[in-house]
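Participant: Build the 3D model from these lines:
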Amino acid sequence: MKKNSALLLIIFMAWGCNHPENNLKEIIQQRVAESTINLIPDSASTTPSYCCTWSCQNFATDTFSIGYAIGLGDHTVPADNLTEEAVFHNPGWEKRLPQSVKKDLFLVFDVGWDIAGGSHAEKEKKSILVTQDVATDKFPSCTGTSEEKLAGLNELSKNAGWKGAGLWISAQSALDSKGLNPTENEVETFFRERFRWSKNAGIFYWKVDYGSRGGDINFRKMLTRLAHEEAPGLWVEHGRGSGPFNDDECPWDTPKVGKTGSYKYWEDGKALATVHNLLEFSDVLRTYDVSAQLSIPTTIDRVAQILNSFNSMPAGKGIINCEDEPYIAAALGCAIGVMRNPAFIVPKDQNYDPLQSRNQMDAVTRAVRWQRMSGAFSVGYNPVLLDSIFNKDYWKFQVGETWAKWMTGRTVMQAAPSRVSRGMDLPEVKCDGPVPYVLCSKFPNGNYVVATMLRTDSVKGFVHPLAEVAIKCSAPSKIGIFGRYQSLTVECANLPVGLTVFAQDLAGDNAIDITDLVEIKNNKIILSGKLLEAVGLSAKTEGDVSEPGLVIKIK
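Facilitator: Residues are numbered from 1 along each chain as shown. As a prediction, the model looks like this:
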């Protein structure tokens, strides 16, 4: 009897060592190496996502610039830092970004591209001059007329592999900044000419921000109209120039705050009403600046509340840009405004990049490649559902952690719906303890996506709770999956007999058959969290710390 027991133990141990759950990484890597299937199209995404130079102007030049940014300095220093040399050479900020998706993205030049170096732009009140005349001392390759110089800037970007150049545009004309008190017709004439310049130069993105007319909704509406008339196909991005925390203090935002942490209640609802009104005519609405520590709850709530304000309203034709949160963008059908860059410099005493966004470039690649299959779609396209339960995240800001220096030494709370869905039922979520944020959408082309997002706490730090998540789909073509899970259950009515499940890291080029590694029963496909992680990180870049991201296809 003892011999039989020992034999059984040896057999059990051998089975355990060879069971798929115990060597998933090796199994996945072997299958990837042998695969010739690719689920991701090579054609570029049509979503107007972009990489913006602004963060690099502040955090990728030198320690003086970083201290200036953390100290909430004006635009003079970062404006001077924006040069052809910094962007394209030695080695150049743009060369540090994911090369495989550059063709999908505009390269947006932020404050300073049309301001001469050393001009002390802010002090001389010229940071909003907006001549749209490329500063040749900074961009010596751009020569000729104003229009030809813009074409040169666009050519520099396209030759480097980008979709093209995008421009930061102050919400004010050069006539305004010179104090000439122009008429509306004069302002319109000024911008008509600039739109024609952009059209002829091949530039198709304007990021409109700041300026004395930034809060004038009629001015912004005029810009969008002029773009459609003079430069069809040019995207005009608008935004409410808000502070980084929902319904909390900011020196240049409304003094009416309730500290609820919710976008819905900010300024007694006027903040949300403003962006709703902007999106009634905007091509793109940017959710605006946030803090690095609380970016996830702040951004989720902004996107969720804006979508909810357009619930099944066909008048909402614009799309949302949720800035530098690629997985939120992928999960909720938004555009991305990438700010992170591996070139960031991080002094020991200034922890402004707590999640190492500079080492999370694979997340950008995965989200953008998902957009090739399922791009951003209009806010009024389908209904959104918001969980009645809100997660609340907290952070106590220390010196050097944020440019929102007025919050140093204080604890900020931001709240967002625990679950958000577009065009489908809310996901089912089971978890011991705090739950992750869970987002999901059905896209116009029939694809689905689900994402889990981490939680933030000053004491516990950044935590990604592992939950059992379940979603319901109707004959999906492809399903994008982002984040970490205990398990994911995909329920589809009338699953075919003898189906095959393919999976692929969105950062890679090889799809594999994982049918034998999933559980299929009662029209449900159950994927373990370990399997999703193994596949979703199988093409990770060495040293990258992005969360997993993959696509599955059921055949």
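
Participant: from here on, contacts and neighbour counts on C-alpha atoms
Facilitator: Fine.

Participant: can you tell me which residues contact Leu550?
Facilitator: Neighbouring residues of Leu550 by C-alpha atoms under 8 Å, 6 or more residues apart in numbering: Arg366, Gly480, Ile481, Phe482, Ala503, Gln504, Asp505, Leu506, Ala507, Leu532, Val535, Gly536.

Participant: Double-check that the third one belongs to a strand.
Facilitator: Yes. According to DSSP: H, G, I helix; E, B strand; the rest coil, the state of Ile481 is that of a strand.

Participant: Which strands and helices lie in contact with the helix or strand hosting Ala273?
Facilitator: Assessed by DSSP states H and E, Ala273 sits inside helix 270-279. Packed against helix 270-279 by the contact rule (3 or more C-alpha pairs under 8 Å, 6 or more residues apart in numbering; DSSP states H and E) you find strand 284-286, helix 295-309.

Participant: in the stretch 201-350 of the chain, which spans are helices?
Facilitator: For the stretch 201-350 of the chain, the helices defined by DSSP state H, counting those that start in this stretch cover 217-230, 270-279, 295-309, 326-332.

Participant: what angle sits between the first one and helix 270-279?
Facilitator: Compare the direction of helix 217-230 with that of helix 270-279 by axes from the mean of the first three to the mean of the last three C-alpha atoms, to 10 degrees and you get 20 degrees.

Participant: then helix 217-230 to CSV, C-alphas only?
Facilitator: This file holds the C-alpha atoms of helix 217-230, laid out as CSV (Å, rounded to 0.1, in the frame of the first residue of the first chain):
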residue,chain,number,x,y,z
ILE,A,217,-17.7,78.6,-27.3
ASN,A,218,-18.7,80.7,-30.4
PHE,A,219,-15.1,81.2,-31.3
ARG,A,220,-14.4,77.5,-31.1
LYS,A,221,-17.5,76.8,-33.1
MET,A,222,-16.3,79.2,-35.8
LEU,A,223,-12.9,77.5,-36.0
THR,A,224,-14.6,74.1,-36.6
ARG,A,225,-16.8,75.6,-39.3
LEU,A,226,-13.9,77.3,-41.0
ALA,A,227,-11.9,74.1,-40.9
HIS,A,228,-14.7,72.1,-42.6
GLU,A,229,-15.0,74.9,-45.2
GLU,A,230,-11.4,75.6,-45.9
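
Participant: buried ones in that helix?
Facilitator: Of the residues in helix 217-230, those buried by neighbour count under the rule 16 or more other C-alpha atoms under 10 Å are Ile217, Phe219, Arg220, Lys221, Met222, Leu223, Thr224, Arg225, Leu226, Ala227, His228, Glu230.

Participant: ok, so of these, who is nearest Phe106?
Facilitator: Ala227 (17.4 Å; C-alpha to C-alpha).

Participant: Check the gap between that closest one and Arg192 for me.
Facilitator: To Arg192, Ala227 is 8 Å away according to C-alpha to C-alpha, to the nearest Å.

Participant: Can you redo the helices and strands packed on helix 270-279 as CSV, where the extra columns are distance to Ala376 and mean neighbour count?
Facilitator: As requested, these are exported to CSV (distance: least, C-alpha to C-alpha, whole Å; neighbours: other C-alpha atoms under 10 Å):
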stretch, distance to Ala376, mean neighbour count
strand 284-286, 10, 26
helix 295-309, 13, 24
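
Participant: could I get those as CSV with distance to Ile345?
Facilitator: Output for the helices and strands packed on helix 270-279, formatted as CSV (distance: least, C-alpha to C-alpha, whole Å):
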stretch, distance to Ile345
strand 284-286, 26
helix 295-309, 20
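
Participant: quick one, which of those is nearest to Val463?
Facilitator: Ranking these by proximity to Val463 (C-alpha to C-alpha) places helix 295-309 first, at 12.1 Å.

Participant: List of residues touching the closest one?
Facilitator: The contact list for helix 295-309, computed with C-alpha under 8 Å, 6+ apart, reads 244-246, 262-264, 272, 275-276, 287, 290, 320, 322, 325, 328, 379-380, 383-386, 392-393, 414-417, 420, 453-454.

Participant: so which of the helices and strands packed on helix 270-279 comes closest to Ala151?
Facilitator: Among the helices and strands packed on helix 270-279, strand 284-286 sits nearest to Ala151 (C-alpha to C-alpha), with 23.3 Å.
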